[in-house]
Structures are given as C-alpha cells and as structure tokens.
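Trainee: compute the structure for the input listed below.
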Amino acid sequence: MFSNDLKEKEMSVINISDMSIEACQAFLNYMYGNIIDQDFLTHRLNLLRAADKYDIMDLKEACHESLLEDIDTNNVLERLQNASLYHLPKLKICCMQYLVTFGKMYDILEEFTLFIQSADRELIGEVFNEVLYVWKGF
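Mentor: This next block holds a predicted model:
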C-alpha cells in the first residue's frame, strides 16, 4: 500500500475497520513474534479472521488448535459457525460431537433452536447428519 500511489501512502494511514485497536495490536505482536498468551487467547477469534483475510496459515492453524481446547456450552455454536466459515475441519467435528454425541444441544436448547433458524443451511444439514449418525448407532 505504501509503495504504490494509493491513499494509504498519501495519508500514511491504513484503516482496518473490521478489527479493534487491541486486536490489531495483538495481530501485529503475533506478526513480530512477541504476542503474550493472554492477548492471544483474548483476541483469537479476531486473529483467526485476520489470518483468513490475509492468508497467514500458521496463525490460522494456531487459532484453530487453540479453539479446540476449551469448547463448552457457552461457545460451541459460535465456534461451529466459525469452523464452517473459516474451513476448520477439526473444530467443526469437535463442536458437532460436543453437541450431538455428548448431548449438549439439550443443555442449550433455546440457543440451539435460534442457531437452527439462522445458520447456514449446509451447516445445519451437517449437524443433522451427525444427529442421524449417532441415533443410527443406538
């Protein structure tokens, strides 16, 4: 941006409107190799978005692995949607297993119902295929 005749060069500013200042700072810290663990954990969803947007595969994989570690009823639906959106197969499988195999969708039935009403149809189909697969095993 700064090496071509773009407005960023003229103004010496890059506007990143889809990221908070704190998340942007964490992103820059990651890029320069000095991010602290707590900042990574706090901003990992924003870092995942940035990694996907700017095609930074090692950061995307680090976020993917980190998001696998603490799936719970408070974050499973958001993580499932992010797994689908950012093509994170391990996270998607783990979230579906958490919901279906371990029966956690019954613990968050109201949120799950809203998810079914608003999520991508393909993702909903995958969840129901997992439900059928598990029920078939009984």
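Trainee: so for the residue nearest to the spatial centre of the chain, what's the pLDDT?
Mentor: Central residue of the chain (Cα atoms, centre = their mean): Asn82, 3.7 Å from the mean position. pLDDT recorded at Asn82 is 97.
Trainee: likewise the one 3 residues further on?
Mentor: The confidence metric pLDDT takes the value 97 at Leu85.
Trainee: ok, now how distant is it from His64?
Mentor: Distance, Leu85 to His64, using Cβ to Cβ, to the nearest Å: 12 Å. The way it works is simple: take the backbone N, C-alpha and C, and place the C-beta from them, glycine included.
Trainee: in terms of neighbours, single out the busier of those two.
Mentor: His64 (20 against 13; other Cβ atoms under 10 Å).
Trainee: how near is the nearest residue to Thr42 once chain neighbours are set aside to Leu85?
Mentor: In this structure, Thr42 finds its nearest non-sequential neighbour in Ala26, 7.3 Å apart by Cβ to Cβ, 6 or more residues apart in numbering. With distances taken as Cβ to Cβ, Ala26 is found 20 Å from Leu85.
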